[in-house]
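Asker: One predicted model, sequence on top.
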Amino acid sequence: NAGVTQTPKFRILKIGQSMTLQCTQDMNHNYMYWYRQDPGMGLKLIYYSVGAGITDKGEVPNGYNVSRSTTEDFPLRLELAAPSQTSVYFCASIRQGLSTNTEAFFGQGTRLTVV
Amino acid sequence: KNEVEQSPQNLTAQEGEFITINCSYSVGISALHWLQQHPGGGIVSLFMLSSGKKKHGRLIATINIQEKHSSLHITASHPRDSAVYICAPHTGNQFYFGTGTSLTVIP
């Protein structure tokens, strides 16, 4: 998935620490998403953005914040990390429009452990 | 309530078998995506469908918009096809995800 770059791949945080997961795409996609995937479970939407300057909450937004100052970047911020945020995080992007729908591209994932 | 129902949840096949995974959804969609996730791995898009049928190599995906149903077929299955396959309708705003079908292909 060369189109979506997600960093870091692994991270261990202590309870109460904060961090930012970076997500960048170079395909001029308007829609970007952050998901978390707990072991053996499906993807749950944290936040999404339909374009620069526009973000909206998903199913599980508590404890997270996002911003979308440019089309390319969609960072996910964890403030005051908690063990419940131990998960694998995926960023995804897609171009969605009346006649320009594209395949979805996913980042490689960030495996986060909060101890 | 589940907006996306996928079946079967688990599937074991012998190498060479023809495999079908089914997906039914209840939401209005702009397109439906089939995704593949290998154990411990990332997520890859296999298909995006808004109508009809698409084929990539040994993989075929079909969709019936009126019946809100899609199928993913794998012909001549191979052990490297072992993965979780996820049906993901896109509403034009968000994805909905099926629970996934865990496929194991035995040599």
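Answerer: In hand now; what should we look at?
Asker: Please make it C-alpha for all contacts and neighbour counts, starting now.
Answerer: OK.
Asker: Chain B contacts on chain A?
Answerer: A:1, A:41-43, A:50, A:96-97, A:101-109 (C-alpha under 8 Å from any C-alpha of the partner chain).
Asker: Of those, just the buried ones, ChimeraX syntax please.
Answerer: Buried residues within the residues of chain A next to chain B, by 16 or more other C-alpha atoms under 10 Å in any protein chain shown, are selected in ChimeraX with:
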select /A:43,50,96,101,102,103,104,105,106,107,108,109
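Asker: Strands - which of the residues of chain A next to chain B land there?
Answerer: Judged by DSSP state E, strands contain the following of the residues of chain A next to chain B: A:43, A:50, A:105-106.
Asker: among these, which two are most distant?
Answerer: For these, the maximum inter-member distance is 18.8 Å, found between A:43 and A:50 (C-alpha to C-alpha).
Asker: now the ones in strands among the residues of chain A next to chain B in TSV, with pLDDT?
Answerer: Converted to TSV, those look like this (pLDDT from 0 to 100):
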residue	pLDDT
A:43	92
A:50	94
A:105	93
A:106	94
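Asker: follow-up on the earlier one: among the residues of chain A next to chain B, which has the minimum pLDDT value?
Answerer: Lowest in pLDDT among those is residue A:1, which has 45.
Asker: SS state for residue B:80?
Answerer: helix (DSSP: H, G, I helix; E, B strand; the rest coil).
Asker: Work out which residue lies at the spatial centre of chain A.
Answerer: Using C-alpha atoms, centre = their mean, the residue of chain A that lies closest to the mean C-alpha position is residue A:34, 2.7 Å off.
Asker: from memory that residue sits against residue A:45, does it?
Answerer: Yes. Taking C-alpha atoms under 8 Å as the definition, residue A:34 is a contact partner of residue A:45 at 6.1 Å.
Asker: show me where chain B has strands.
Answerer: Under DSSP E, chain B gives strands at B:4-7, B:10-14, B:19-25, B:31-37, B:43-49, B:52-56, B:59-64, B:69-74, B:83-90, B:101-106.
Asker: Could you count how many residues lie near the nearest residue to residue B:64 once chain neighbours are set aside?
Answerer: Take residue B:64 and drop its neighbours on the chain: the residue closest to it by C-alpha to C-alpha, 6 or more residues apart in numbering or on different chains is residue B:70, 6.2 Å away. Other residues near residue B:70 come to 25 when the count uses other C-alpha atoms under 10 Å in any protein chain shown.
Asker: Residue B:70: what's it in contact with?
Answerer: Residue B:70 makes contact with B:22-24, B:61-64 under the criterion C-alpha atoms under 8 Å, 6 or more residues apart in numbering or on different chains.
Asker: Could I have the buried ones of the residues you listed as ChimeraX selection syntax?
Answerer: Buried members of those, defined by 16+ other C-alpha under 10 Å, are picked up in ChimeraX with:
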select /B:22,23,24,61,62,63
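Asker: Pipe the contacts of residue B:70 into a markdown table and attach pLDDT per row.
Answerer: Formatted as a markdown table, the contacts of residue B:70 follow (pLDDT from 0 to 100):
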| residue | pLDDT |
| --- | --- |
| B:22 | 97 |
| B:23 | 97 |
| B:24 | 96 |
| B:61 | 97 |
| B:62 | 97 |
| B:63 | 96 |
| B:64 | 96 |
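Asker: for the closest residue to chain B within chain A, phi and psi?
Answerer: For chain A and chain B, the shortest gap (C-alpha to the nearest C-alpha) falls at residue A:108, measuring 4.9 Å. The phi/psi pair for residue A:108 (degrees, to the nearest 10) reads phi -80, psi -10.
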